[in-house]
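Student: the sequence and its predicted three-dimensional model are supplied below.
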Amino acid sequence: MKACLDWLNSYLDAPVTTDEADRLLGAQGFPIENRQQVGDDTMLDVEVTSNRPDCLSHVGLARELAAGTGCKLQLPNCELPTAGQQRVEKITSVVNEDARFCPVYTGRVISGVKVGPSPDWLVRRLESIGLRSVNNVVDVTNFVLLELGQPLHAFDLSRLAGQRIVVRHAGDGEVFAAIDGSRHELRSTMLVIADADRPVAVAGVMGGIDSEVGAETTDILLESAIFDPLSVRRTSRTLKLASDSSFRFERGVDPLGVDLASRRAARLIIELAGGELADGVIRTGADEPAPHLVTMRVERCRKLLGIDIEPRRVVELLAALDLSPRHDESAATVTCTIATHRLDLHREVDLIEEVGRLHGLDNIPVRQRIEIVVHPVQPVIAARQALGRVLTAHGYHETITFSFLSPKIGRPFLSEGDEAVLIDDERRKAEPMLRPSLLPSLLACRKTNQDVGNAQVALYETGSAWVLRDAQIIERPLLVMLLDASDPPDALRTMRGTIEELFDRLVGADGLELAAAGGSWFRDGLEIRCDGEPIGYIGVADRRVQELFDLQLPVVLGEVDLDKLLDRYPPTRSVTALSRLPGVERDLSVIVDEPVTWQTIENHVRATEPALMEQLCFITTYRGKPVPAGRKSVSFRMLFRDPTKTLRHGEVDVQVNAVVDRLTKQVGAEVRT
């Protein structure tokens with residue numbers, strides 16, 4: 001940001017010298033990169049960080065100097081001159097077709113202006129920072145931009161087709177002639193300011209040559225607006241077209257500054273070029289926002305800065321920045337009203353940084369010893385650590401993959417009702433889709449391992465996936481797992497065991513339920529439920545998925561909602577004394593039809609409610625002779641124990657027989673001998 005010292009001093013009740021400005025701005029986070037003598041004045045090249053767009057103006061830098069010196073800030077006169085009888089709505093109109101990319105658009109009309117040379121004071125102001133004078137109208141818009149930080153644009157009203165403004169997206173291939181003489185082919189993603197026929201400006205970047213103010217101009221439409229920073233940045237870089245306006249819009253402008261700058265420019269134009277202001281202003285989009293409040297704890301400020309600073313001093317420093325601090329002695333807090341031009345102040349720590357900045361970082365002593373207060377690990381961090389330990393112990397390797405992929409491999413993992421989140425970015429033409437699941441990334445990793453000859457691969461990853469649901473982008477933190485499956489049933493049981501141990505460590509095994517399920521990307525799978533709520537799936541990858549990634553062997557995949565898993569940490573444990581009495585184990589092998597799942601068998605065994613059954617465990621599944629085709633043998637073990645006395649086999653037989661009877665009736669089971 002190039003600033004003129006005499007210009008800065010015009011907003012202070014007491015001038016500062018070049019050395020004072022250099023020292024104060026540097027100490028407050030705005031170092032001077034260069035000082036250059038321009039006539040009797042000094043031009044300062046001030047480094048402004050991207051989070052302080054309010055200081056990309058002379059008033060913004062003067063506000064910082066006033067805070068550092070104790071001077072009073074004198075704001076420019078922004079009162080509107082007397083307007084004529086004709087309403088602005090009778091002269092022109094504005095249609096804003098995309099309030100997302102143009103949250104606010106305002107227009108004022110000044111009729112009967114006389115375009116000519118600017119007065120000497122205005123020429124000197126512009127030339128002091130390296131700008132050339134064009135004419136009195138254009139110079140005023142440039143002056144106000146550098147004064148208040150709000151970009152403006154003046155259109156020749158007579159050169160606007162239909163004398164109207166339409167804020168819209170460009171048509172693919174539409175041509176725009178910029179004010180610097182260059183011609184550009186536009187894209188449909190770019191926002192333009194158009195008249196009834198054609199674009200007359202690229203929104204937030206540059207005006208067009210077809211509607212520029214010239215010597216013949218008599219009526220002007222004065223634009224003051226807010227444009228989406230990301231849209232402006234993307235358009236500016238794509239067209240290789242940059243300006244002082246785009247530089248500021250990319251970083252954000254003051255919502256209240258839109259009308260303020262428009263009034264200031266209208267006043268100066270009428271003073272320097274004459275004309276009559278139409279009554280009123282056309283405004284489309286959002287209303288002016290109200291300042292928001294941020295509260296800071298004085299004790300927290302002391303701890304973070306490491307100094308014993310008094311509340312009175314804290315209030316003085318924040319008041320110097322026009323933050324209207326209010327000290328609540330009973331709560332030991334200071335609450336500030338954040339002006340809309342301070343786009344960087346949102347949290348308590350932001351106010352603490354302001355206190356440290358104005359107090360002076362050089363005035364904060366460096367201690368020879370550092371005191372560290374040890375706090376317990378946050379539950380979510382402990383849960384993530386436990387998750388990593390369990391999966392690593394089971395032989396899984398963690399992966400970190402990109403969030404973008406091609407629609408070809410991403411769309412098969414979209415759930416019903418969800419749509420893909422696509423980006424328009426020249427750098428990601430081949431992979432414009434945000435992943436709807438992390439599974440495609442793991443499958444691509446498996447393909448890479450296959451290509452280099454790695455076998456027995458087990459992978460896991462935690463990260464976010466995105467889908468478009470009901471016109472809203474939904475972000476889902478997920479845990480995904482992949483396991484090689486030369487024997488798919490065995491691999492599925494292995495992953496099931498991993499899931500069970502994971503839940504035991506993070507949630508407690510009592511909350512886990514597994515039920516047979518199928519899905520778009522897997523077969524022969526299980527739905528994972530926690531306290532009755534579905535939170536994920538595991539299953540053998542579908543043949544289509546396997547072929548999509550050109551995998552030679554099947555794989556088992558798992559996907560779990562990470563937040564719903566971690567939020568239940570730590571698990572609740574119940575501890576009982578070990579029984580001194582022996583238990584009785586009974587193994588059963590039942591022959592059932594192929595579709596009957598272990599979950600079904602387990603549910604029926606538990607539904608029998610064996611009074612003394614302490615544990616039920618799956619052993620194995622057998623297919624082959626002498627078991628008939630279409631049937632299978634499922635073996636499981638039941639452990640019985642009486643906490644008061646030694647069990648007799650006769651007591652166990654009654655309960656086992658009840659289980660056999662239920663399985664026979666409900667699933668057609670036969671006991672295998």
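Tutor: Now that the structure is in, tell me what you want to look at. Since we're looking at a predicted model, the values are computed, not measured.

Student: for the helix or strand bottoming out on mean pLDDT in the chain, output the C-alpha coordinates as PDB.
Tutor: The weakest-scoring helix or strand in the chain, judged by mean pLDDT, DSSP states H and E, is strand 512-517 (a mean of 85). Extracted in PDB, the C-alpha atoms of strand 512-517 (Å, rounded to 0.1, in the frame of the first residue of the first chain):
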ATOM      1  CA  LEU A 512     -22.000 -52.300  19.300                       C
ATOM      2  CA  GLU A 513     -24.500 -54.100  17.000                       C
ATOM      3  CA  LEU A 514     -23.700 -55.700  13.600                       C
ATOM      4  CA  ALA A 515     -26.500 -56.700  11.200                       C
ATOM      5  CA  ALA A 516     -26.400 -58.100   7.700                       C
ATOM      6  CA  ALA A 517     -26.600 -55.500   5.000                       C
END
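
Student: what is the next helix or strand after that strand packed up against?
Tutor: Moving toward the C-terminus from strand 512-517, the next helix or strand (DSSP states H and E) is strand 522-530. Other helices and strands packing on strand 522-530, by 3 or more Cβ pairs under 8 Å, 6 or more residues apart in numbering; DSSP states H and E, are helix 488-506, strand 512-517, strand 533-541. Quick note: C-beta positions are derived from backbone N, CA and C, even for glycine.

Student: let's see that with 6 Å instead.
Tutor: If contacts are counted by 3 or more Cβ pairs under 6 Å, 6 or more residues apart in numbering; DSSP states H and E, strand 522-530 sits against strand 512-517, strand 533-541.

Student: and the angle from it to strand 533-541?
Tutor: Taking axes from the mean of the first three to the mean of the last three Cα atoms, to 10 degrees, one finds strand 522-530 and strand 533-541 inclined to each other by 160 degrees.

Student: what pairs with strand 522-530, parallel or antiparallel?
Tutor: The partner list of strand 522-530 in its sheet, established with DSSP bridges, is strand 512-517 (antiparallel), strand 533-541 (antiparallel).

Student: and the last one with helix 488-506, angle?
Tutor: Following the same axes, to 10 degrees, one obtains 150 degrees for the angle between strand 533-541 and helix 488-506.

Student: quick one: buried residues of strand 533-541?
Tutor: Applying a neighbour-count criterion of 16 or more other Cβ atoms under 10 Å, one finds 535-541 buried in strand 533-541.

Student: so which of those is the closest to Leu548?
Tutor: Nearest to Leu548 among those: Ala541, at 9.5 Å, using Cβ to Cβ.

Student: mind telling me what element Gly603 is part of?
Tutor: No Gly there; residue 603 is Asn. Using DSSP H and E, the element containing Asn603 is helix 598-607.

Student: just the angle between the next helix or strand after that helix and helix 488-506, please?
Tutor: Going down the chain from helix 598-607, the next helix or strand is strand 613-622, by DSSP H and E. With the same axes, to 10 degrees as the basis, strand 613-622 and helix 488-506 are set at 150 degrees to each other.

Student: who are the contact partners of the closest residue to Val113 other than its chain neighbours?
Tutor: What sits nearest to Val113 in space, not counting adjacent residues and going by Cβ to Cβ, 6 or more residues apart in numbering, is Gly275, at 3.8 Å. Contacts of Gly275 were listed using Cβ atoms under 6 Å, 6 or more residues apart in numbering, and they are 110-113.

Student: what's the answer for Glu594, then?
Tutor: When contacts are counted by Cβ under 6 Å, 6+ apart, Glu594 touches 630, 632.

Student: distance of it relative to Gly624?
Tutor: 13 Å (Cβ to Cβ, to the nearest Å).

Student: do the same with Gln546
Tutor: 26 Å.

Student: between the two, point out the one with more neighbours.
Tutor: The residue with more neighbours, out of Gln546 and Gly624, is Gln546; 17 against 8, by other Cβ atoms under 10 Å.

Student: dihedrals phi and psi, the more buried one?
Tutor: Phi and psi for Gln546, reported as degrees, to the nearest 10, are phi -60, psi -40.

Student: before we move on, what about the one 5 residues further on?
Tutor: Dihedral pair for Leu551: phi -90, psi 130, per degrees, to the nearest 10.

Student: tell me how many other residues crowd it.
Tutor: Around Leu551 there are 16 other residues, counting by other Cβ under 10 Å.

Student: cool, and the one 4 residues further on?
Tutor: Neighbourhood size, Val555 [other Cβ under 10 Å]: 26.

Student: now that it has come up, it's in contact with Gly539, right?
Tutor: No - Val555 is not in contact with Gly539 according to Cβ atoms under 6 Å; the separation is 10.2 Å.

Student: how long is stretch 193-209 end to end?
Tutor: This stretch, stretch 193-209, spans 13 Å end to end (Cα to Cα, to the nearest Å).

Student: what's in contact with that stretch?
Tutor: Stretch 193-209 is contacted by residues 153, 160-162, 164, 166-168, 176-179, 191-192, 211, 227, 232, 235-236, 241, 243, 246, 249 when judged by Cβ under 6 Å, 6+ apart.

Student: out of the residues you listed, list just those in strands.
Tutor: 153, 164, 166-168, 176-177, 191-192 (DSSP state E).

Student: out of these, who's nearest Arg631?
Tutor: Arg631 has its nearest neighbour among the ones in strands among the contacts of stretch 193-209 in Leu191, at 66.9 Å by Cβ to Cβ.

Student: gap between the residue nearest to the closest one when sequence neighbours are not counted and Ala319?
Tutor: The shortest distance from Leu191 to any non-neighbouring residue, by Cβ to Cβ, 6+ apart, is to Ala203 (4.0 Å). Distance, Ala203 to Ala319, using Cβ to Cβ: 38 Å.

Student: between those two, who's got more neighbours?
Tutor: Taking other Cβ under 10 Å, Ala203 and Ala319 do not tie; Ala203 has more neighbours (30 against 13).

Student: what backbone torsions are found at the nearest residue to Trp466 once chain neighbours are set aside?
Tutor: Closest residue in space to Trp466, ignoring its immediate chain neighbours: Leu434 at 4.3 Å, by Cβ to Cβ, 6+ apart. Torsion angles at Leu434 (phi, psi; degrees, to the nearest 10) stand at phi -70, psi 140.

Student: fine, thanks again, bye for now.
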